[in-house]
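Participant: A predicted structure for the sequence below; I have some questions about it.
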Amino acid sequence: MARQYILQRAPAAAGIHIDYAAELNEQQLAAVTASPGPLLVIAGAGSGKTRTLTYRVAYLLENGVDPRNILLLTFTNKASRQMLDRVANLLPVDASGLWGGTFHSIGNRMLRRHGTVLGYSSSFTILDREDQKDLIDTVVSGAGINPKEIRFPKGDVLADIFSFTVNTERTIEELLAEKFPYFLPLIEQIKDVHARYERKKKATNSMDFDDLLEKTLRMLKEHGEVAAFYRRQFQFILVDEYQDTNKIQADFIDTLAAEHRNVMVVGDDAQSIYSWRGANFKNILAFPERYPDAQIFKIELNYRSVPEILAVANAAIAPNVQQFRKQLSATRDTKELKPAIVALRDGGEQAQFVAQRILELRDEGIELDEIAILYRAHYHAVELQLELSRRGIPYQITSGVRFFEQAHIKDVAAFIRFVANSRDEVAFKRMVKLLPGIGNKSADTLWRAWEASLHANGEVTNWSERLVPMPVGARSKKSWEQLAYTLDEIAPRGAANPPSEMIISIVAAIYDDYAKANFSNYDLRREDLNQLAAFARQFKDAHEFLSQLALISNVDAEAAPNQNAETEAVNLSSVHQAKGLEYHTVFVIWLTDGMFPSARSLEAPEAIEEERRLFYVAITRARDELYLTYPQMRFNAGYGDMFQRPSRFLKEIPTQLLEDWQVGRG
DNA sequence: TACGTGGCGCTTTTT
DNA sequence: GCGCCACGTA
């Protein structure tokens, strides 16, 4: 019988107390020290939202709340990490028992612990968008739908549809009627595919991103004992960026908080920019209706930006009809420098302007990593990257293709996924298709054989024993055997080695040759794989490693391996990914109708409002200097050169708030 | 059945 | 200026 031994937390060190009144302004202080119960904090941009949440956590801890009883939901994992670091700096406590992270990562943790009540083993695989699309495609062909006969939506469109129904808690009918009316005639087949997809995920012991929310919520709703467990555990729930939650996330919070109702949500309706992911800023508007006893706090003092920038921000968001009216007021002194509006001839000249200005700023002593160039879509940045490279200006880009989503990373991860979850069909097929002579058809045949072997023989203890006898073509025979023995090596007797060792083995035995033969930029990819192995060293356990791989975001990427942390660099980022960040100087580029706001949003007033919020987010990233630039011409493949209209958002800003820069050519 | 080549269309944002 | 798909060949 094991002895139970409980470690007690050290009592809060005497003498170390936070002087909340001295460190927070009046509005922040009220929110931080509010009595338990539902709390809504409307926090304008740059008003110390993170600070308020951080101090609230510290306040709870100082008042004797056990860290294990706190749940902190944030928009990125990085945000949660930063807040906890700051709490640790404020208080001499070990807050490691506190659960913090994104909704998806928290769902993942809960499902790994208790998902067995829904019939999932704790070793389930997480499908990213590409995996999801692959699996839906196999389901579609398995459903006997002949794409040559009817125009059936492709896997990624179906993934969009299914995902939206989960995140907004609506039915497929409703969604199709509203967003895809032309697919309505196919509704029965689409529903059939959906049912098959759900069964397939269950059979392969895998979950897509949406399942991490949906299955978690279902688990709480259908299994009272699990719900009771987590309600007891999470006595205090804090939610950051509440304006970007969707229906299911709001439901998740409400379900967890159903008894104690100690839930603090913080957000800014003017910064809601994720409606395409089902986010609904009406969650924040309607919070007081769902919690009629909620205390409401408004934090409207802006500490970030100079008054000139703030005036532009206030003007930019003003035309939006749907919002909590609020007026941010500046605390900083004026610098007598108005934000610039700059017309350029074309994208190339815009890039030259930005690059040249950056060099001047550097000469003035502004560090490069205090400068950001923000844009609506990643492809807007191509000319700029060229120009920066040409001038030798180092830059860092939170790119569209994420490190962990690159083909070579996912290829190697497929091996690990498969040994970690031998029912992972997507991983199996991806892995075997790397071998010469094996394509879709053979992969499918092999998968059936593998499934049969799982049925007949149960858990795997020896990979090669089962795999080698399977029917493969003569051309693939040799590499097939090598694959089988590699699996033996990385997961002897079925038990996976540490992730980092697995990566090294897979690359050495199989993938290095594959990469040489298939990629023209072999060196780069090989280097990525080395970095992946280095990154993996912090994980002992394959599931932990794989979850991290799937759930880490671009903005989290500083934890990722592809950073050249030493060199100081200018930041290039989409506005979405810059949310929550701030810089000394911000350039917002491609401010033309069709680029920002994006062409797709131009017809729908609701979409325009969201674009305007996005514009507002971009402006409010700037502390001291802001440049709004727009090219007057765009070179466009296919359509020829096109004249560009300045963004309608620029016309909404009173001209006296901006300084018009006339750029000549030297 | 696997895989290379040529034509066409078209560009958002991400856990 | 690029990625996806369809087609044709080995």
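Facilitator: Arrived safely, thanks for sending. Numbers count the residues shown, from 1 in each chain, chains lettered A, B, ... in the order given.
Participant: Flag the helix or strand of chain A with the lowest per-element mean pLDDT.
Facilitator: The helix or strand of chain A with the lowest confidence, counting by mean pLDDT, DSSP states H and E, is strand A:642-643 at a mean of 78.
Participant: Tell me which strands that one pairs with, and in which orientation.
Facilitator: strand A:622-634 (antiparallel) (DSSP bridges).
Participant: Could you tell me how far the least confident helix or strand of chain A lies from the centre of the chain?
Facilitator: Here the centre of strand A:642-643 is set off from its chain's centre by 34 Å, with C-alpha atoms, centre = their mean, to the nearest Å.
Participant: Repeat that for stretch A:482-495.
Facilitator: 33 Å.
Participant: Put the alpha carbons of that stretch into CSV.
Facilitator: Taking Å, rounded to 0.1, in the frame of the first residue of the first chain, the C-alpha atoms of stretch A:482-495 are listed here in CSV:
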residue,chain,number,x,y,z
GLN,A,482,13.0,-1.0,-43.2
LEU,A,483,10.0,0.9,-42.1
ALA,A,484,8.8,-2.0,-39.9
TYR,A,485,12.2,-2.3,-38.3
THR,A,486,12.4,1.4,-37.7
LEU,A,487,9.2,1.2,-35.8
ASP,A,488,10.6,-1.6,-33.7
GLU,A,489,13.5,0.7,-33.0
ILE,A,490,11.6,3.7,-31.9
ALA,A,491,8.9,1.9,-30.0
PRO,A,492,10.4,-1.4,-28.7
ARG,A,493,7.7,-3.8,-27.6
GLY,A,494,5.1,-1.2,-28.5
ALA,A,495,6.4,1.4,-26.0
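Participant: For the residue of the stretch 301-450 of chain A found nearest DNA strand B, grab the count of nearby residues.
Facilitator: In the stretch 301-450 of chain A, no residue comes nearer to DNA strand B than A:G439, which is 2.6 Å away by C-beta to the nearest atom of the strand. C-beta coordinates here come from the backbone N, C-alpha and C atoms, glycine included. The tally of other residues near A:G439 (other C-beta atoms under 10 Å) stands at 10.
Participant: contacting residues for it?
Facilitator: A:K433 (C-beta atoms under 8 Å, 6 or more residues apart in numbering).
Participant: What separation is there between it and A:S476?
Facilitator: 10 Å (C-beta to C-beta, to the nearest Å).
Participant: quick check: mean pLDDT across the helix or strand harbouring A:E544?
Facilitator: A:E544 belongs to helix A:542-551 when assigned by DSSP states H and E. What helix A:542-551 shows for mean pLDDT is 90.
Participant: Equivalent analysis for stretch A:288-300, please.
Facilitator: In the prediction, stretch A:288-300 has an average pLDDT of 94.
Participant: Quick check: buried residues in that stretch?
Facilitator: Using 16 or more other C-beta atoms under 10 Å as the burial criterion, the residues of stretch A:288-300 that qualify are A:Y291, A:A294, A:Q295, A:F297, A:K298, A:I299.
Participant: do stretch A:584-591 as well
Facilitator: So for stretch A:584-591, counting by 16+ other C-beta under 10 Å, buried means A:T585, A:V586, A:F587, A:V588, A:I589, A:W590, A:L591.
Participant: need the contact list for the fifth one.
Facilitator: By C-beta under 8 Å, 6+ apart, A:I589 lies in contact with A:Q350, A:V354, A:I373, A:L374, A:Y375, A:H380, A:A381, A:L384, A:T629, A:Y630.
Participant: Now it. Its backbone dihedrals?
Facilitator: A:I589 adopts backbone torsions of phi -110, psi 170, taken as degrees, to the nearest 10.
Participant: how much space between A:D488 and DNA strand B?
Facilitator: 24 Å (C-beta to the nearest atom of the strand, to the nearest Å).
Participant: ditto for A:F535
Facilitator: Going from A:F535 to DNA strand B by C-beta to the nearest atom of the strand gives 17 Å.
Participant: For that residue, pull up the helix or strand it's in.
Facilitator: Assigned by DSSP H and E, A:F535 belongs to helix A:522-536.
Participant: tilt between that helix and helix A:542-551?
Facilitator: Helix A:522-536 and helix A:542-551 are oriented at 120 degrees to each other (axes from the mean of the first three to the mean of the last three C-alpha atoms, to 10 degrees).
Participant: and the contacts of A:I589 as CSV, adding neighbour count?
Facilitator: CSV is the format used below for these (neighbours: other C-beta atoms under 10 Å):
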residue, neighbour count
A:Q350, 26
A:V354, 23
A:I373, 28
A:L374, 29
A:Y375, 22
A:H380, 19
A:A381, 24
A:L384, 26
A:T629, 24
A:Y630, 22
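Participant: Of all pairs in the residues you listed, which one is the farthest apart?
Facilitator: Across these, the longest distance by C-beta to C-beta is 15.0 Å; it joins A:A381 and A:Y630.
Participant: Give the helix, strand or coil label for the residue nearest to A:N457 when sequence neighbours are not counted.
Facilitator: Excluding the flanking residues, the one nearest A:N457 by C-beta to C-beta, 6 or more residues apart in numbering is A:R466, at 7.0 Å. Here A:R466 is recorded as helix under DSSP: H, G, I helix; E, B strand; the rest coil.
Participant: so how many other residues sit close to A:R466?
Facilitator: When neighbours are defined as other C-beta under 10 Å, A:R466 has 19 of them.
Participant: now do the one 10 residues further on
Facilitator: The criterion is other C-beta under 10 Å. On that basis, A:S476 has 17 neighbouring residues.
Participant: Show me what the next helix or strand after the least confident helix or strand of chain A is packed up against.
Facilitator: Moving toward the C-terminus from strand A:642-643, the next helix or strand (DSSP H and E) is helix A:648-651. With contacts taken as 3 or more C-beta pairs under 8 Å, 6 or more residues apart in numbering; DSSP states H and E, helix A:648-651 sits against helix A:605-619.
Participant: Remind me what the helix it packs on packs against, helices and strands.
Facilitator: Helix A:605-619 packs on helix A:307-317, helix A:575-578, strand A:583-588, helix A:648-651, going by 3+ C-beta pairs under 8 Å, 6+ apart.
Participant: which parts of the longest one are buried?
Facilitator: Think helix A:307-317. Going by 16+ other C-beta under 10 Å, helix A:307-317 has these buried residues: A:E308, A:I309, A:L310, A:A311, A:V312, A:A313, A:N314, A:A315, A:A316, A:I317.
Participant: sorry, back to before: and the residue nearest to A:N457, what does it touch?
Facilitator: A:R466 neighbours (C-beta under 8 Å, 6+ apart): A:W450, A:S453, A:N457, A:V460.
Participant: Out of these, which is nearest to A:A534?
Facilitator: Out of those, the member with the shortest distance to A:A534 (by C-beta to C-beta) is A:V460, at 28.6 Å.
Participant: I'd say A:S505 and A:T486 touch.
Facilitator: Yes - under the criterion of C-beta atoms under 8 Å, A:S505 makes contact with A:T486 at 6.5 Å.
Participant: more crowded one of these two?
Facilitator: Under the neighbour definition other C-beta under 10 Å, A:S505 and A:T486 were set side by side, and A:T486 has more, 22 against 19.
Participant: how about the closest residue to that one other than its chain neighbours, what does it touch?
Facilitator: The shortest distance from A:T486 to any non-neighbouring residue, by C-beta to C-beta, 6+ apart, is to A:A509 (4.3 Å). Each residue near A:A509 by C-beta under 8 Å, 6+ apart is listed here: A:Q482, A:Y485, A:T486, A:E489.
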